[in-house]
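> Pasting the sequence and the predicted coordinates here, then a few questions.
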Amino acid sequence: MQSLLSDGSPSMEVDAVSILKSITPSLEPSKHKGQAGKIAVVGGCREYTGAPYFSAISALKTGADLSHVFCTKDAAPVIKGYSPELIVHPILEESYSVRDEDKKSILAKVIEEVDKWMERFDCVIIGPGLGRDPFLLDCVSNIMKHARQFNVPMVIDGDGLFLVTNSLDLISGYPLAVLTPNVNEYKRLVQKVLQCEVNDQDGTQQLLSLAKGIGGATILRKGGSDFISNGETVHEVSSFGSPRRCGGQGDILSGSVAVFVSWARQLAGEPSMSATVMGCIAGSILLRKAASHAFESNRRSMLTTDIIQHLGTSLEELCPVLVSR
Ligand SMILES: NC(=O)C1=CN([C@@H]2O[C@H](COP(=O)(O)OP(=O)(O)OC[C@H]3O[C@@H](n4cnc5c(N)ncnc54)[C@H](O)[C@@H]3O)[C@@H](O)[C@H]2O)[C@@H](O)CC1
Ligand SMILES: Nc1ncnc2c1ncn2[C@@H]1O[C@H](COP(=O)(O)OP(=O)(O)OP(=O)(O)O)[C@@H](O)[C@H]1O
Ligand SMILES: [Mg+2]
């Protein structure tokens, strides 16, 4: 892993495994349920039920204690059916099921339901399998404003990035926002914020400008290497993952980044890196390790569920559990 400072000069090489180890908490009998993280995913609609499941179950498998999903009414039974571990709230609605005159009251009800929980969450993931229905995105914009009021970190992925690219004020100037764009999502962000095309010759500088342009949010640009920046430095995680590009790998990443960000926020003292940057580095190295193991076992038939199965052993290899008694 390499890192660069904002003037383009190389900085001390950062070790992703050490960062992951430094933020992963010990398991202690004195701890109670919830202390290792309470994560929520806002996503899941009629079309997409896999993405929110991948994200929420990956948060649990990375080590969170509780994982919630806030999704549409028709997605909820499907997501519940995948796993009894998830707490599923069927509260969102798409335009096709709502009359115009009911929209205001439905929005108020959605916010009331989410606010019962918001303060308790250590991180909220916005977007896996959310879809792009305008009424649903309007409700989610309001959820994001409430998360911000409560100072809850947000990992924004998938259709959440479609939403914020068109409404940058939702995250602008919020240092607890993490954006995890794939190649398409990154292109749209660059076009909107910097009003130019992606320039890989000057990728580091462009990523710094993008993070600065958004006002301090952390960006994890996914690709052959993952590049992470909050506008001050750029870190690269380039360890080999898997050559398979089946859908859903980014959803795993969003779930584990959310957990690592919430752990990094619990560190005592004044760490040299922000919690959001450390969380991205740790999530990236874990996903790549798990993907490489899943690929070794499954080769061309490797699927996202195979990577999820390897999260536990990969985390154990990177940071063995020390159980204090
Ligand atoms: N099993 C699942 O349920 C999965 C669901 N996924 C979800 O699928 C959704 C889309 O993610 P992708 O990674 O495919 O997104 P991308 O933005 O990479 O691509 C989505 C598709 O939409 C098209 N598109 C681009 N701009 C558009 C616009 N303004 N309006 C309509 N369509 C547009 C693109 O050409 C592309 O074909 C997200 O919610 C994501 O979380 C993925 O995470 C993969 C797995
Ligand atoms: N070309 C590549 N080579 C190796 N690893 C990659 C490559 N592209 C992406 N990855 C890894 O896969 C992870 C997911 O990135 P990807 O670009 O597939 O996200 P995505 O399109 O959002 O996925 P999803 O299908 O879940 O929406 C990244 O963290 C990255 O580590
Ligand atoms: Mg994605």
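It's in. Ligands and ions are numbered 1, 2, ... in the order given.

> Please give me every residue in contact with the residue of the stretch 51-200 of the chain found nearest ligand 1.
Nearest residue of the stretch 51-200 of the chain to ligand 1, counting by CB to the nearest ligand atom: Gly158, 2.9 Å away. Just so you know, the C-beta spots here come from the backbone N, C-alpha and C atoms, and that holds for glycine as well. For Gly158, the contact set (CB atoms under 8 Å, 6 or more residues apart in numbering) comprises 43, 51, 127-130, 185, 250-251, 254.

> Please list which of these are also close to ligand 1.
The overlap between these and the neighbourhood of ligand 1 (criterion: CB under 6 Å from any ligand atom) consists of 51, 128-130, 185, 250-251.

> Which of those fall in helices?
51, 185, 250-251 (DSSP state H).

> Columns pLDDT on top of these, output as CSV?
Formatted as CSV, those follow (pLDDT from 0 to 100):
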residue, pLDDT
Ala51, 98
Glu185, 98
Gly250, 98
Asp251, 98
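
> Leu318: how many residues sit nearby?
Neighbour count for Leu318, taken as other CB atoms under 10 Å: 18.

> Please tell me how far it sits from Asn151.
From Leu318 across to Asn151, the span is 29 Å (CB to CB, to the nearest Å).

> same question, Arg99
The span separating Arg99 from Asn151 equals 35 Å under the rule CB to CB.

> can I get the ones in helices among the ones next to ligand 1 among the contacts of Gly158 in CSV with neighbour count and distance to Gln206?
Formatted as CSV, the entries for those read as follows, by neighbours: other CB atoms under 10 Å; distance: CB to CB, whole Å:
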residue, neighbour count, distance to Gln206
Ala51, 27, 27
Glu185, 24, 15
Gly250, 21, 20
Asp251, 29, 26
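
> Including distance to Thr72, could the residues you listed go into TSV?
As requested, these are arranged in TSV below (distance: CB to CB, whole Å):
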residue	distance to Thr72
Ala51	13
Glu185	22
Gly250	21
Asp251	17
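
> Relative to Pro175, which of those is nearest.
Glu185 (20.4 Å; CB to CB).

> Would you check that that closest one makes contact with Leu163?
No. Using CB atoms under 8 Å, Glu185 is not in contact with Leu163; the gap is 11.1 Å.

> Name the residue of the stretch 1-150 of the chain that lies nearest to ligand 2.
Nearest to ligand 2, among the residues of the stretch 1-150 of the chain, is Ala51, at 6.4 Å (CB to the nearest ligand atom).

> Let me know whether that residue touches Gly248 as I believe.
Yes. Counting by CB under 8 Å, Ala51 touches Gly248, with 6.7 Å between them.

> Show me where this structure has its strands.
Counting by DSSP state E, the segments of the chain that form strands are 2-5, 38-42, 66-72, 87-92, 123-126, 154-156, 177-179, 218-221, 226-229, 233-237.

> Worst mean pLDDT among these?
Least confident of the strands of the chain, judged by mean pLDDT, is strand 2-5 with a mean of 54.

> burial of Pro84, as a residue count?
The burial count assigned to Pro84 is 7, neighbours taken as other CB under 10 Å.

> In contact with Ile252, which residues?
Residues touching Ile252, when contacts are defined by CB under 8 Å, 6+ apart, comprise 54-55, 58, 287, 290, 304, 307-308, 311.
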